[in-house]
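J.: Next come a sequence and a model predicted from it.
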Amino acid sequence: MKSDAVGASELQSPLYDEAVAQFDRVADMINLDGNIHERLRSPQRSLVVTFPFRTEKYDQVDTVFGYRVQHLHTMGPTKGGIRYAHDVNFGEVAALAMLMTWKCAIVELPFGGAKGGVRIDPTVLSRAEMQRITRRYTMEIVNFIGPEKDIPAPDMGTDEQVMAWIMDTYSTHVGHTEPAVVTGKPPSLGGSIARREATGRGLMSLLPAVASHLNMPVAGSRVVMQGFGNVGRYAAQGAAEMGCTVIAVSDITGAVHNDTGFDIEDLARHVAETGGVSGYRDADELDPTELLTLDCEVLVPAAVGGVIDADNAPHVKARTVLEGANGPTTTAADEVFRENGVFVVPDVLANAGGVTVSYFEWVQDLQNYFWSEAEIVARLREIMNRAFSEVLEMAVQQRTDLRTAALIKGVSRVADAKLARGIYP
Ligand code: NAD
């Protein structure tokens, strides 16, 4: 029996509905054991907290909502980012935790999925306010996380500094320094030297294999990038290094277009100086809604979820969509892409480079033995490309798309583990 009541009352959000619908579809396709199907539809452990936050105006105290959701405990500790956003909610965090479970299983990492969120707008906070919120949120979830339990990482609106504050707060609480409690920390605290670039770099490391499958050259391919944050910036850089032409980039400030291609380092400097891509001198301004439907070979949504839907999907001209963001393509848009032959490399595979290098960071922290950058990058490429070729082979065999094939791989691996462990008591 499917637990619609649970989904409807506690967790409902558009992204959660999408995540469950995706999972249901794959579960039905592989005739997943009914009990396991039902069990995996809801997260195993969730914590919803509210806490007081004293703003810079000393006499104003806001009540802030925070979440930490652990979808699956079967595979090992849980792993997933923490998102700071003005509209983040329980359902969204639960959906992202479920996606993390499949993602870790697809690239065969020994983790279940988790996700966290704090409902605030980080762009209007001072550094001191960010620090206060982070430390208080960490204390609210301190017994819920830990190197053997649940290991947070950065996501939208959080960064290395936020991870450093979480690590410091947790370490102060337990009474000793504990670097392995978070990943995506600064290298001076046991962070991985290549973590910042990992998601974008891992995503672009798949392009040669994608291009070879589609019989198109990598060099000279036109790339359109939505989002120029952690993922988008390094994906754009990776694309440019492979000889692609990045012809359009957008972020929250607007969209810019240059047919001859951007100098990514220079654009990044402009963003650092002005706060966004808008106003970049060597480009034309573009209506951000037009960005996704520009004529190009490679489209990389690397910002927020739900941006490619039934309305704009029929107008997407890219041959391949590499999903840097989590959940950028709705189920309806996916149908359109299947019909139109747009080759989608799904989020659970395409952006798994971040959690893969996070896994390396956690292993290095536990062993207090650190690898060279060359070692990290080589192992990242190996894991990403192995997962891609396994998923592609399954897609070809089963005559299905890559998202379905990737989820079949992830769900089957989790189901095998659950069956092997059985039920306590
Ligand atoms: P970030 O906060 O560093 O950057 C987000 C970027 O998106 C910024 O450039 C922002 O201006 C832009 N943006 C926000 N709203 C937008 C909109 N409506 N239209 C256009 N641009 C918009 O975040 P990030 O870490 O780069 O994450 C981006 C996406 O990738 C998220 O969906 C995240 O869940 C996913 N992701 C991130 C990682 C990681 O390692 N950081 C790993 C896996 C998946």
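T.: Structure's in. What do you need?
J.: I'd guess residue 49 is in a strand, am I close?
T.: Yes: under DSSP: H, G, I helix; E, B strand; the rest coil, residue 49 sits within a strand.
J.: what about the chain, any weak spots by pLDDT?
T.: Within the chain, the stretches with pLDDT under 70 are 1-9.
J.: Go ahead and flag the most central residue of it.
T.: Centre of the chain computed as the mean C-alpha position; nearest residue by CA atoms, centre = their mean is residue 326, 4.8 Å away.
J.: wait, what's in contact with it?
T.: Each residue near residue 326 by CB atoms under 8 Å, 6 or more residues apart in numbering is listed here: 96, 99, 305, 347, 351. From N, CA and C alone the C-beta is placed, and that goes for glycine too.
J.: which residues of the stretch 1-150 of the chain fall in helices?
T.: With DSSP state H, counting those that start in this stretch as the criterion, the stretch 1-150 of the chain has helices at 4-6, 14-29, 34-40, 90-106, 127-140.
J.: From the contact counts, what lies against the last one?
T.: Think helix 127-140. If you count contacts as 3 or more CB pairs under 8 Å, 6 or more residues apart in numbering; DSSP states H and E, helix 127-140 packs onto strand 45-54, strand 61-70, helix 160-174.
J.: can you pull the buried residues of it?
T.: Residues of helix 127-140 classed as buried by neighbour count (16 or more other CB atoms under 10 Å): 129, 130, 131, 132, 133, 134, 135, 136, 137, 138, 140.
J.: That one vs the ligand: in contact?
T.: No: contact of helix 127-140 with the ligand (CB under 6 Å from any ligand atom) is absent, the minimum separation being 13.2 Å.
J.: Pull that helix out as PDB, backbone CA atoms only.
T.: This file holds the C-alpha atoms of helix 127-140, laid out as PDB (Å, rounded to 0.1, in the frame of the first residue of the first chain):
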ATOM      1  CA  ARG A 127      28.700  37.700   8.200                       C
ATOM      2  CA  ALA A 128      28.100  37.900  12.000                       C
ATOM      3  CA  GLU A 129      24.400  37.000  11.500                       C
ATOM      4  CA  MET A 130      25.300  34.100   9.200                       C
ATOM      5  CA  GLN A 131      27.700  32.800  11.900                       C
ATOM      6  CA  ARG A 132      25.100  33.200  14.700                       C
ATOM      7  CA  ILE A 133      22.400  31.400  12.700                       C
ATOM      8  CA  THR A 134      24.800  28.600  11.700                       C
ATOM      9  CA  ARG A 135      26.100  28.000  15.200                       C
ATOM     10  CA  ARG A 136      22.600  27.900  16.700                       C
ATOM     11  CA  TYR A 137      21.200  25.700  14.000                       C
ATOM     12  CA  THR A 138      24.200  23.300  14.500                       C
ATOM     13  CA  MET A 139      23.400  23.100  18.300                       C
ATOM     14  CA  GLU A 140      19.800  22.300  17.500                       C
END
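J.: Quick one: residues in contact with stretch 409-416.
T.: Residues from elsewhere that reach stretch 409-416 (CB under 8 Å, 6+ apart): 23, 26-27, 30, 32-33, 36, 40, 72, 74-75, 101-106, 108, 348, 390-391, 394.
J.: quick one, which of the helices and strands packed on helix 127-140 is nearest to residue 240?
T.: Nearest to residue 240 among the helices and strands packed on helix 127-140 is helix 160-174; the distance by CB to CB comes to 23.5 Å.
J.: Name the next helix or strand downstream of that closest one, please.
T.: helix 195-204 (DSSP states H and E).
J.: quick one: what helix or strand has residue 224 in it?
T.: Applying DSSP H and E, one finds residue 224 within strand 222-226.
J.: got the angle between the following helix or strand past that strand and helix 195-204?
T.: Per DSSP H and E, the first helix or strand lying C-terminal to strand 222-226 is helix 230-241. Here helix 230-241 runs at an angle of 60 degrees relative to helix 195-204 (axes from the mean of the first three to the mean of the last three CA atoms, to 10 degrees).
J.: Can you list the buried residues in helix 230-241?
T.: Across helix 230-241, burial judged by 16+ other CB under 10 Å covers 230, 231, 232, 233, 234, 235, 236, 237, 238, 239, 240.
J.: Repeat that for stretch 407-422.
T.: 407, 408, 409, 410, 411, 413, 414, 415, 418.
J.: Could I get the full set of strands for the stretch 301-425 of the chain?
T.: Secondary structure of the stretch 301-425 of the chain (DSSP state E, counting those that start in this stretch): strands located at 320-322, 343-345.
J.: Output the ones you listed in CSV; the columns should cover distance to the ligand.
T.: Shown next, in CSV, are those (distance: least, CB to the nearest ligand atom, whole Å):
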stretch, distance to the ligand
strand 320-322, 12
strand 343-345, 13
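J.: okay, those strands, which one's buried deepest?
T.: strand 320-322 (a mean of 25; mean count of other CB atoms under 10 Å).
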